[in-house]
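J.: no sequence on this one, just coordinates:
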């Protein structure tokens, strides 16, 4: 991952944590809702930066060359 990918990932995680604490989420449904909201915050920020700079934030640096299923076939 590049620096900006890590930053937006951290923003999503931190946002989710704060939302979860604020609403005192308990159980799967409440935590899922908090995670969707936290992810949206990071996603919206990423889209805004991409629009402003005209560059994609997500890079191909962290993609695997072969899917795991194909790697297993080679073994």
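T.: Perfect, thanks for sending it. Computed from a predicted model, the values in this text were never measured in an experiment. Residues are numbered from 1 along each chain as shown.
J.: Reduced to three states, what does residue 25 come out as?
T.: coil (DSSP: H, G, I helix; E, B strand; the rest coil).
J.: Make 16 the starting number, not 1.
T.: Taking 16 as the first residue, the last one we looked at is residue 40.
J.: got a list of what it touches?
T.: Applying CB atoms under 8 Å, 6 or more residues apart in numbering, we find residue 40 in contact with 34, 46, 48, 49. C-beta: built from backbone N, CA, C; applies to glycine.
J.: and it, how far is that from residue 51?
T.: Noted for residue 40: a distance of 12 Å to residue 51, by CB to CB, to the nearest Å.
J.: repeat for residue 70
T.: Taken as CB to CB, the span from residue 70 to residue 51 is 26 Å.
J.: and if you look at residue 84?
T.: 29 Å.
J.: Give me the more crowded residue out of the two.
T.: residue 51 (11 against 7; other CB atoms under 10 Å).
J.: packing partners for the helix or strand that contains the more buried one?
T.: Using DSSP states H and E, residue 51 maps to helix 42-68. The contact analysis (3 or more CB pairs under 8 Å, 6 or more residues apart in numbering; DSSP states H and E) places helix 42-68 against helix 18-38.
J.: Low-confidence regions, this structure specifically.
T.: 76-81, 86, 90 (pLDDT under 70).
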